[in-house]
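Asks: Please find the sequence and the predicted model below.
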There are 2 protein chains.
Amino acid sequence: MNVLWIFAHPEPRSLSGTLRTDGERELREQGHEVCVSDLYAMGWNPVVDREDFAAAEGERLLVAAASERAHRGGTLSADIRAEQDKLRWADAVVLQFPIWWNGMPAILKGWFDRVFVKGFAYGVRHPDTGRIRRYGDGLMRGKRALVVVTVGAPEPSLGPRGVHGDIDHLLFPLTHSTLFYTGMSALPPFVVAGADRMTPGCCAEVAERLRARLRELPDAAPIAFRAEDSGDYDENLVLRPDLVPGGTGFAVHVR
Amino acid sequence: MNVLWIFAHPEPRSLSGTLRTDGERELREQGHEVCVSDLYAMGWNPVVDREDFAAAEGERLLVAAASERAHRGGTLSADIRAEQDKLRWADAVVLQFPIWWNGMPAILKGWFDRVFVKGFAYGVRHPDTGRIRRYGDGLMRGKRALVVVTVGAPEPSLGPRGVHGDIDHLLFPLTHSTLFYTGMSALPPFVVAGADRMTPGCCAEVAERLRARLRELPDAAPIAFRAEDSGDYDENLVLRPDLVPGGTGFAVHVR
């Protein structure tokens, strides 16, 4: 497989940096090709702005429309096009980052904001049905995605009833609403909790667990999110009342 | 009241821009002082990096520790200190942004990543109890926060069973895990759904609804998140089993 590894930590000598080096080696040993986008090392610009789209100075900026036009016309900024080429090449994507304020660091959020433009990652219609391709379908269909995160808080506090919120739900806007939205198969995230207080022994154990997950990358079962065309949602995109009756929250979107 | 309005949209001539101008005027008419941080206009840098902390070139960067040291030593980047001064001044904060990939634009996420450093927004102990001040307590206690968002998807698809996920849950990492975490009183968000397909009449109605919400800013009831020192959580920060028995998901953290 061709694996694109997106790394969004400012310090290569961190636990995250070690896991990345280690994981990259494991993937190569498994015979995969690996391409790394080290966002900090690249000096990645995470801010969507009119310069991305070659939009005229005085023109009112409509982000979706301007991005689609620039994408179709081949006038998107070169740094965006380079990341899109890597995505086209990739069969799988690893997204690695530390959890900051219960979400992605800005540099990574802005990788999605800028690279996942209309016509590339969303807003594409199916040629036969005319339906917008999303949630299980889309141009990224067939690609696998593994989220790898480190988080300072200990595991119980990130569990189903933990004060910080269930980590699977904290990652839902990424796994479901971004990766699965564009058609990717999002795998269960790899979470390193309590990352601020790790002994060297713990780190070695974590690295081994990650290597095991990477060995399963080609065939691990993805999260069973409900596809939009599964018939599970009504015409307003609301879950049908007979499914998980009375249920609410992110969990209802998993079969 | 002193109101700090954080604006994170690249186009002032957008619906968001109109709502902001309108909202600012309403607040002044109510006798409040208003300070605006227009992140795009300011050219805000959202990327946490060692330059923020005057960290030595060869030194291994530990973000939390380095930020705390720089904060205490007064050596944080000037742009960060300026935003912190605005926060100290503010009695209320309005956070306005378009939802991109079910979250904040990177420029705003990086406002939190960079401004909310250790010793300022988290990791502060109570002088009497020694307990870490968070979730309902902290240096931002007493400040009110209103999140104002525009989102392209229509309302039903952002409801409790909508395919995009409940908007209140999508905003939980911000309202609960960031604003309430630092001690602020997070008000129910102001959500403009279907923002991409608005008629001028709709826009006028939305602007009027927002003005009404802003008039209530000084005394609207905040979201009833459970405080950490309420006794609702056990020593592992897990919700006590007798509260919402068997319940999981973000909703259990609201009384």
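Replies: Yes, it's here.
Asks: Can you pull the poorly scored residue ranges out of chain A?
Replies: Applying pLDDT under 70 to chain A flags no residue at all.
Asks: for it, what spans make up the strands?
Replies: Taking DSSP state E as the criterion, chain A carries its strands at A:2-7, A:33-38, A:92-98, A:144-150, A:185-186, A:190-192.
Asks: Run the chain-centre distance for the fifth one.
Replies: So the one you mean is strand A:185-186. Strand A:185-186 has its C-alpha centroid displaced from the chain centroid by 9 Å (CA atoms, centre = their mean, to the nearest Å).
Asks: That one pairs with which strands, parallel or anti?
Replies: strand A:144-150 (parallel) (DSSP bridges).
Asks: Please name the spatially closest residue to A:R213 (chain neighbours excluded).
Replies: Leaving aside its chain neighbours, A:R213 sits nearest to A:F190 (5.2 Å; criterion: CB to CB, 6 or more residues apart in numbering or on different chains). (Each C-beta comes from the backbone N, C-alpha and C, glycine too.)
Asks: Give me the neighbour count for that neighbour.
Replies: 20 (other CB atoms under 10 Å in any protein chain shown).
Asks: Distance check, it against A:L171.
Replies: From A:F190 across to A:L171, the span is 11 Å (CB to CB, to the nearest Å).
Asks: same thing with A:S185?
Replies: From A:S185 across to A:L171, the span is 15 Å (CB to CB).
Asks: Over to A:S67?
Replies: Per CB to CB, A:S67 is found 25 Å from A:L171.
Asks: Also A:W5?
Replies: Separation of A:W5 from A:L171 (CB to CB): 18 Å.
Asks: and A:S185 and A:L171? which has more neighbours close in?
Replies: Set A:S185 next to A:L171 and count neighbours by other CB under 10 Å: A:L171 wins out with 26 against 20.
Asks: can you tell me which residues contact that one?
Replies: Applying CB atoms under 8 Å, 6 or more residues apart in numbering or on different chains to A:L171 gives the contacts A:147, A:149, A:189.
Asks: same thing with A:I6?
Replies: Here A:I6 is in contact with A:36-37, A:39, A:93-96, A:108, A:111 (CB under 8 Å, 6+ apart).
Asks: what about the residue located most distally from the centre of chain A, distance to chain B?
Replies: Most distant residue from the mean C-alpha position of chain A: A:G58, 33.9 Å away (CA atoms, centre = their mean). Distance of A:G58 to chain B, given as CB to the nearest CB, to the nearest Å: 10 Å.
Asks: Kindly report the same for A:V206.
Replies: Computed as CB to the nearest CB, the A:V206 to chain B distance reads 18 Å.
Asks: And the helices in the stretch 151-255 of chain A, which stretches?
Replies: Here the stretch 151-255 of chain A has its helices, by DSSP state H, counting those that start in this stretch, at A:167-170, A:172-174, A:200-215.
Asks: Just the CA atoms of the longest one, as PDB, please.
Replies: Think helix A:200-215. This file holds the C-alpha atoms of helix A:200-215, laid out as PDB (Å, rounded to 0.1, in the frame of the first residue of the first chain):
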ATOM      1  CA  PRO A 200      10.100   4.600  29.300                       C
ATOM      2  CA  GLY A 201       8.600   1.200  29.800                       C
ATOM      3  CA  CYS A 202       5.100   2.500  29.000                       C
ATOM      4  CA  CYS A 203       6.400   4.200  25.900                       C
ATOM      5  CA  ALA A 204       7.900   1.000  24.600                       C
ATOM      6  CA  GLU A 205       4.600  -0.800  25.200                       C
ATOM      7  CA  VAL A 206       2.700   1.900  23.400                       C
ATOM      8  CA  ALA A 207       5.100   1.700  20.400                       C
ATOM      9  CA  GLU A 208       4.600  -2.000  20.200                       C
ATOM     10  CA  ARG A 209       0.800  -1.600  20.300                       C
ATOM     11  CA  LEU A 210       1.000   0.900  17.500                       C
ATOM     12  CA  ARG A 211       3.200  -1.400  15.400                       C
ATOM     13  CA  ALA A 212       0.600  -4.100  15.800                       C
ATOM     14  CA  ARG A 213      -2.200  -1.700  14.700                       C
ATOM     15  CA  LEU A 214      -0.100  -0.700  11.700                       C
ATOM     16  CA  ARG A 215       0.400  -4.300  10.700                       C
END
